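give me a 3D structure for the following:
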Amino acid sequence: MVQAATVVGAATLVAAWPYCRNLTLFGSLISDNPAVFAMPELAWEEIPV
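Purely as a prediction, here's the structure:
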């Protein structure tokens, strides 16, 4: 039982890490501006509307 609790606790910490990081960086658990969109090689050309 202790082993199962340890595994579940470790998995919870690993899974919660990105949400805690977003909370400290952006003030929200889920960021609508992930770091991948800041990569210059992924920049899309803006199409005028």
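
for the most centrally placed residue in the chain, give its distance to I47.
Centroid-nearest residue in the chain, with Cα atoms, centre = their mean: P18, separated by 3.7 Å. Per Cβ to Cβ, to the nearest Å, P18 is found 31 Å from I47. Glycine gets a C-beta too; all of them are placed from N, C-alpha and C.

swap in W17?
For W17, the distance to I47 - Cβ to Cβ - is 37 Å.

do the same with Y19
Distance from Y19 to I47, by Cβ to Cβ: 34 Å.

give me the more crowded residue out of these two.
Y19 (12 against 5; other Cβ atoms under 10 Å).

do a quick rundown of the helices in the protein.
Using DSSP state H, the helices assigned to the chain run over residues 2-26.

for this structure, which spans come out with low pLDDT?
Residues of the chain that meet the criterion pLDDT under 70 lie in 31-36.

let's see that with 50 instead.
Applying pLDDT under 50 to the chain flags no residue at all.

and the gap between V7 and F26?
30 Å.

oh sorry, the question was meant for C20
11 Å.

and what of A15?
18 Å.

show me which of those two is the more surrounded one.
Shown here are A15 and F26; by other Cβ under 10 Å, F26 has more neighbours (12 against 9).

any idea how far that one is from M1?
Distance from F26 to M1, by Cβ to Cβ: 38 Å.

what's the answer for I47, then?
Where M1 is concerned, I47 sits at a distance of 58 Å (Cβ to Cβ).

same thing with W44?
Separation of W44 from M1 (Cβ to Cβ) stands at 51 Å.
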